[in-house]
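Peer 1: Any chance you can model this:
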Amino acid sequence: MGRGDQEGGRGPELIRLAHPTQYHQREIRVSILQFLTKVHFDYGSRCELPGELARNGVARPLFVTDKGLIAAGVFAMAVEPLGGSGDAPIFDDTPPNPTEDAVEAGYAMYCREHCDGIVAIGGGASLDLAKAIAVMCGDPAPLWEYCNRHAKPRPVAKTPPLIVLPTTSGSGSEVGRSAVIIFRNGIKAGVGCPNVIKAAICDPELTLGLPRYMTAATGMDALTHCVETFCSPTINPPADAIALDGLKRVYANIELVTEDGSNRDGRWHMMMGALEGAICFQKGLGAVHSMSHALGALNHHHGTLNAILLPHVIAYNKEWLADKLPPLRQAMGLADDADLGQVFLDLNRRLGLPPGLRALGVDENIFDAIADASLADNAHKTNPRPLTRQDYLTLLKAAY
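Peer 2: Prediction:
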């Protein structure tokens, strides 16, 4: 199976090169089509939380969130249908990029407080952290043993019920099939856990107060997922259709909601587009994510990295995307000859996102190590253009 963003290895594949007179196009055959986590989606859908807890037999959940959401009142809004969180324990030490240490701290609280389920409320960091905590609750082995970069990943089993409420429109972690964690060995990689979430509750109202910058950065994360999964050479027509629909929604609305966070229709479409981008992770991603995972291990924001890297990767892959570029342009409402690399550069500028890695304080001296880490990342395997270490160095310098 062509698996996606940090999802682990693939099954048997067929790589076909087109006729030499055509663009070189790689195709990877997919043997399994897998959709979908149970999702409640619409304004007010957080009212489904009590019912989902009851259906899953959860009487004392561990809430996983972050201090910013509590301070902003978003956590209180999410748990309002429960009459508040009551005396249930709240783990609010979610770091910007979830770490192995944070997973172990959350697992310790779960055990100490005698919890019987988990509710995650937040962005991708909180949701991924909660997934990894659930994995630990099933069998508390060292988390690295579950990582898809481990030589023989341990199977996930007997996890407690997990219900998630996303508060951003970016990562799509609510339907993503892994938890991306920074491990103590310095590697940022995934823990495959496609069945750990019992229900996702996607209420766009929880995103209305998201600040401008985070709206833009998380929105570009979602847009990148749609573009990069569509460009993956894995053959999966349903996922391709979903990716294009997600791209259409995100591109049409990202500037609207960045300028006016109270735009309810725009927020609805952004949350749907983010969900759709993550459904398509099973196709695999590409060089944007192989580099953003490597750079993200240094605690840079994932969506911001994706936004910076996407224009350069799409331009570098251009000759391998002969049949992919026209549908992308059509979904975005662009001219037939539009330069997508330049379109994404211009979009980043209008959104107020950093122009390059230099603006994030990235040191050029680490590029050799980042190139090596990118080659080892699972997302590297499904970049449409086969890349070498030198290719990654070229891309990193272009994005600097």
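Peer 1: Show me how the record splits the chain into domains.
Peer 2: For the chain, automatic domain parsing gives the domain ranges 39-207, 211-398.
Peer 1: Just want the most central residue of this structure.
Peer 2: S171 (3.3 Å; CA atoms, centre = their mean).
Peer 1: quick one, what contacts that one?
Peer 2: 123-124, 127-128, 218, 221-222, 274, 278, 302-303 (CB atoms under 8 Å, 6 or more residues apart in numbering). C-beta: built from backbone N, CA, C; applies to glycine.
Peer 1: Turn the domains of the chain into CSV, including distance to R26 and mean pLDDT.
Peer 2: Shown next, in CSV, are the domains of the chain (distance: least, CB to CB, whole Å; pLDDT from 0 to 100):
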stretch, distance to R26, mean pLDDT
domain 39-207, 22, 96
domain 211-398, 4, 97
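Peer 1: Among those domains, which comes closest to I28?
Peer 2: Closest of the domains of the chain to I28 is domain 211-398, at 4.5 Å (criterion: CB to CB).
Peer 1: Could you work out the end-to-end span of that closest one for me?
Peer 2: The first and last residues of domain 211-398 sit 29 Å apart, counting by CA to CA, to the nearest Å.
Peer 1: what secondary structure does I181 sit in?
Peer 2: Following DSSP: H, G, I helix; E, B strand; the rest coil, I181 is assigned to strand.
Peer 1: for V119, same thing?
Peer 2: strand.
Peer 1: who does it bridge with?
Peer 2: F63, I163 (DSSP bridges).
Peer 1: Next up, the contacts around it.
Peer 2: Here V119 is in contact with 49, 53, 58, 61-64, 79, 130, 162-165 (criterion: CB under 8 Å, 6+ apart).
Peer 1: Kindly report the same for F91.
Peer 2: Counted by CB under 8 Å, 6+ apart, F91 has contacts 62-65, 105-106, 109, 133.
Peer 1: still on that earlier bit, and the contacts of V119, which two are the farthest apart?
Peer 2: With distances taken as CB to CB, the most widely separated pair in those is V79 and L162, at 15.6 Å.
Peer 1: ok, these two, which is more surrounded?
Peer 2: Neighbours per residue, other CB atoms under 10 Å: of V79 and L162, the larger number sits with L162, 27 against 22.
Peer 1: Would you confirm that that one contacts K198?
Peer 2: Yes. Counting by CB atoms under 8 Å, K198 is a contact partner of L162 at 6.0 Å.
Peer 1: thinking again about what came up before, and of the domains of the chain, who's closest to E27?
Peer 2: domain 211-398 (5.2 Å).
Peer 1: Lovely, talk soon.
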